[in-house]
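> One predicted model, sequence on top.
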Amino acid sequence: MEPEERLIVALDVSSAEDVFYLLKKIGQPRCSVKVGMELFYQEGADMVRRLKDEGHFVFLDLKLHDIPHTVYRTMRGLARAGADMVNVHAAGGSEMMKAAIEGLDEGAAGKRPVCLAVTQLTSTGQDMLENELLIHQPIQKVIAQYSELAYRSGLDGVVCSAWEAAAIKEQTSSTFLAVTPGIRLANDAAGDQRRVATPERARQLGSDYIVVGRSITSAENPAEAYLRVANEWRKI
């Protein structure tokens with residue numbers, strides 16, 4: 001894929017009308033996009049099919065986390081919708097992740113979708129990890145363990161912050177994908193994200209794909225913001 005195809009715009013809206021209005025404002029007819037829970041739970045698999053019909057690369061970001069059999073059956077169905085990339089949460093364990101791959105293999109008409117594991121959300125900090133989740137380990141160690149588990153379970157990569165990408169690849173494989181949300185243009189507010197990086201810094205740190213939401217979609221001029229992100233990401 002070309003660098004600009006590895007720039008994924010987060011379509012964090014709740015209706016098909018909002019999606020196509022936003023895409024029109026961005027002005028990139030075949031840009032890569034992320035469909036998250038907010039949109040998928042309102043519009044369903046038809047939203048994925050419509051975006052694929054228009055030529056978009058689609059990352060379906062549902063972060064499945066359930067018993068292995070349920071994840072297997074869900075992934076078998078999602079594979080038929082035609083998404084290019086899907087994910088689970090690594091906290092579900094190795095049997096669940098293996099079941100996800102099995103379901104995707106069975107449901108895909110051709111090549112199965114790329115399957116990623118979420119390590120820790122980019123909104124998670126050390127204080128939350130210890131005080132709320134009662135995980136008394138450094139967050140970097142937890143992310144490393146989840147990444148290793150995903151790699152050994154046969155997944156294609158992880159969703160992580162840009163700051164963990166290089167260490168994860170060193171621990172697993174240079175071909176193990178690092179898909180990184182929490183991307184902000186310089187001077188943009190971090191919002192509810194903790195571990196953020198600019199597009200340029202993400203590229204330097206080893207991200208394979210970046211997922212960009214508010215820096216593009218909430219910009220006064222989304223088309224101009226998209227080009228700024230793309231230029232930093234491509235290093236033009």
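Structure's in. What do you need? Residues are numbered from 1 along each chain as shown.
> for the nearest residue to Val211 once chain neighbours are set aside, phi and psi?
Nearest non-adjacent residue to Val211, counting by Cβ to Cβ, 6 or more residues apart in numbering: Pro181, 4.1 Å away. Any C-beta I mention is one placed from the backbone N, CA and C, and that applies to glycine too. As for Pro181, its main-chain torsions (degrees, to the nearest 10) stand at phi -80, psi -170.
> Tell me how many other residues surround Pro181.
By other Cβ atoms under 10 Å, the residues close to Pro181 number 26.
> Verify the stated contact: it with Val159.
Yes. Using Cβ atoms under 8 Å, Pro181 is in contact with Val159, at 6.7 Å.
> quick one: the strand or helix carrying Leu104 to chain centroid distance?
Assigned by DSSP states H and E, Leu104 belongs to helix 94-107. Taking the mean of its C-alpha atoms, helix 94-107 sits 18 Å from the chain's own mean (Cα atoms, centre = their mean, to the nearest Å).
> Quick one: residues in contact with that helix.
Residues from elsewhere that reach helix 94-107 (Cβ atoms under 8 Å, 6 or more residues apart in numbering): 64-69, 71-80, 86, 88, 90, 112-113, 115, 117, 149-150, 152-155.
> Okay, Gly92 and Arg112: tell me how far apart.
As judged by Cβ to Cβ, to the nearest Å, Gly92 and Arg112 stand 19 Å apart.
> Between these two, which is the more surrounded one?
Ranked by neighbour count (other Cβ under 10 Å), Gly92 and Arg112 place Gly92 first, with 22 against 18.
> what's the more buried one sitting at in phi/psi?
In terms of degrees, to the nearest 10, the main-chain angles of Gly92 are phi -70, psi -10.
> Quick one, grab the pLDDT at it.
Per-residue pLDDT puts Gly92 at 96.
> tilt between the longest strand seen in the chain and helix 94-107?
With secondary structure taken from DSSP state E, the chain has its longest strand at strand 58-64. Counting by axes from the mean of the first three to the mean of the last three Cα atoms, to 10 degrees, strand 58-64 lies at 140 degrees to helix 94-107.
> Off-centre distance for strand 58-64?
For strand 58-64, the distance to the chain centre is 7 Å (Cα atoms, centre = their mean).
> do the same with stretch 89-106
Centroid separation for stretch 89-106 versus its chain: 16 Å, with Cα atoms, centre = their mean.
> Flag every buried residue along that stretch.
Buried residues in stretch 89-106, counted by 16 or more other Cβ atoms under 10 Å: 89-93, 96-104.
> what stretches of this protein score poorly on pLDDT?
1, 3, 122, 188-195, 236 (pLDDT under 70).
> mind redoing it with 90?
1-5, 109-110, 120-125, 129, 133, 139-140, 161, 182, 184-196, 234-236 (pLDDT under 90).
> show me where the protein has strands.
7-10, 32-36, 58-64, 85-89, 114-118, 157-159, 177-180, 209-212.
> how about JSON lines for those, with distance to Ile168 added?
As requested, the strands of the chain are exported to JSON lines (distance: least, Cβ to Cβ, whole Å):
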{"stretch": "strand 7-10", "distance to Ile168": "18"}
{"stretch": "strand 32-36", "distance to Ile168": "20"}
{"stretch": "strand 58-64", "distance to Ile168": "18"}
{"stretch": "strand 85-89", "distance to Ile168": "15"}
{"stretch": "strand 114-118", "distance to Ile168": "11"}
{"stretch": "strand 157-159", "distance to Ile168": "6"}
{"stretch": "strand 177-180", "distance to Ile168": "6"}
{"stretch": "strand 209-212", "distance to Ile168": "14"}
